[in-house]
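1. coords please:
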Amino acid sequence: MANIYTKIEFDDLTDDLQDLAAIIGIENVRKLMETNSGAQFYIPKITRLDSFIRKYLEENRKRDSKELAKELSCSVQFIRLKMKQFKSFAKG
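-> You can find the predicted model right below:
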């Protein structure tokens, strides 16, 4: 028997799945539906990835906070707060 998910076309998808298919392709959306049906995904803003933010700020410690804030789409206050929170900045 053929895999039923291969029959799903772009127009059959809900609006949010169409948005996803436009980015990752219909085949990947079909695979997600096949393997994760019923699951809900939250896609966070980049600033919610503390491990990434720590590494990024450490790698760019000499750069201006305003530039970093613009790149990360956040406030300068957020950058300064994270710099204080990450102990490596206090030592370096």
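
2. with adjacent residues omitted, what lies nearest to residue 74?
-> residue 47 (4.9 Å; Cβ to Cβ, 6 or more residues apart in numbering). C-beta here means a position set from N, CA and C on the backbone, and glycine is covered the same way.

3. please, where are all the helices along the protein?
-> Ranges of helices within the chain are 15-24, 26-36, 50-59, 65-72, 76-85, 87-91, based on DSSP state H.

4. what's the least confident stretch among those?
-> Of all the helices of the chain, the minimum mean pLDDT falls on helix 87-91 (a mean of 59).

5. for residue 38, give me phi and psi.
-> phi 90, psi -20 (degrees, to the nearest 10).

6. which pLDDT value goes with it?
-> With respect to pLDDT, residue 38 has a value of 94.

7. so how far is residue 32 from it?
-> Shown here: residue 38 relative to residue 32, a distance of 11 Å by Cβ to Cβ, to the nearest Å.

8. between the two, which has more neighbouring residues?
-> residue 32 (17 against 5; other Cβ atoms under 10 Å).

9. from residue 42, how far off is the more buried one?
-> Counting by Cβ to Cβ, the separation of residue 32 from residue 42 is 14 Å.

10. ok, for residue 66, nearest residue in space, not its chain neighbours?
-> With sequence-adjacent residues excluded and distances taken as Cβ to Cβ, 6+ apart, residue 66 is closest to residue 76, at 5.7 Å.

11. what's near enough to touch residue 46?
-> Residues in contact with residue 46, defined by Cβ atoms under 8 Å, 6 or more residues apart in numbering, are 52, 53, 72, 73.
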